[in-house]
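In: sequence and predicted structure, then a few things I'm wondering about:
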Amino acid sequence: MMKTITISDTKKMQRYAAQVWSILVDSYAQVSGGLHYESLNELIQDTQRWRLVVRHGEVVALTLFKSKRGWKLVAMAACRSQGKRARQALKRLIQADLPRCWMELSERAEAFVLRHCGGQHFVVHASLASDLLGKPVSDNVADGFHYQREVCGLLKSKMIVGTPQFLK
């Protein structure tokens, strides 16, 4: 049986840290720019909330968040060895979180969230990206939803999906 757990205590994160790190390193190996964390310790220090789907003590899927204008999803992954089960678990996590978190997406993650998780209902207009991120972006992309910004030395096309909290 699979269960979803939410962890916001760094001591409790340690219990699953090695599994989470392994899944992330594997999943982000094919992403241009790769994983944005140098080490497991940096990941733990920079994230405040982990949502994990666990089956028989093994992490099957994960979403990791930092507190930034609400909850910003900063990493997501599914355990490759768990195949379809893990993809379904990741899909359920993201579907549940879209009304109460936000994320920057590109490449395969963008396609997955828009195609399988209902993300198309939560797309944020590109004109809001710079203020939300607190970083300069180029939002002159034709569709109004994509923007470009430099990530790890690469110019990447991204979009924001979810429910951020804007300052009033």
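Out: Yes, it's here. Residues are numbered from 1 along each chain as shown.

In: tell me how far the lowest-mean-pLDDT helix or strand in the chain lies from the chain's centre.
Out: Averaged element by element with mean pLDDT, DSSP states H and E, the chain has its least confident helix or strand at strand 147-151 (a mean of 86). Taking CA atoms, centre = their mean, to the nearest Å, the mean C-alpha location of strand 147-151 is offset from the chain mean by 16 Å.

In: next secondary structure after it?
Out: strand 154-162 (DSSP states H and E).

In: who does that next one pair up with?
Out: Paired with strand 154-162 in the same sheet, following DSSP bridges, are strand 101-105 (antiparallel), strand 123-124 (antiparallel), strand 147-151 (antiparallel).

In: mind checking the pLDDT average for the first one?
Out: For strand 101-105, mean pLDDT is 95.

In: next, the buried residues of the helix or strand following it.
Out: For strand 101-105, the following helix or strand on the C-terminal side (DSSP H and E) is helix 107-116. Buried residues in helix 107-116, counting neighbours by 16 or more other CB atoms under 10 Å, are found at Ala109, Glu110, Phe112, Val113, Leu114. (Each C-beta comes from the backbone N, C-alpha and C, glycine too.)

In: redo those residues as TSV? Include pLDDT.
Out: Below are the buried residues of helix 107-116 laid out as TSV (pLDDT from 0 to 100):
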residue	pLDDT
Ala109	91
Glu110	95
Phe112	95
Val113	97
Leu114	96
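
In: residue ranges with poor pLDDT in the chain?
Out: Residue ranges of the chain with pLDDT under 70: 166-168.

In: mind redoing it with 80?
Out: For the chain, the stretches with pLDDT under 80 are 31-34, 139-142, 151-154, 166-168.

In: and the strands in the chain?
Out: All strands of the chain, identified by DSSP state E, fall at 2-7, 49-55, 58-67, 71-78, 101-105, 123-124, 147-151, 154-162.
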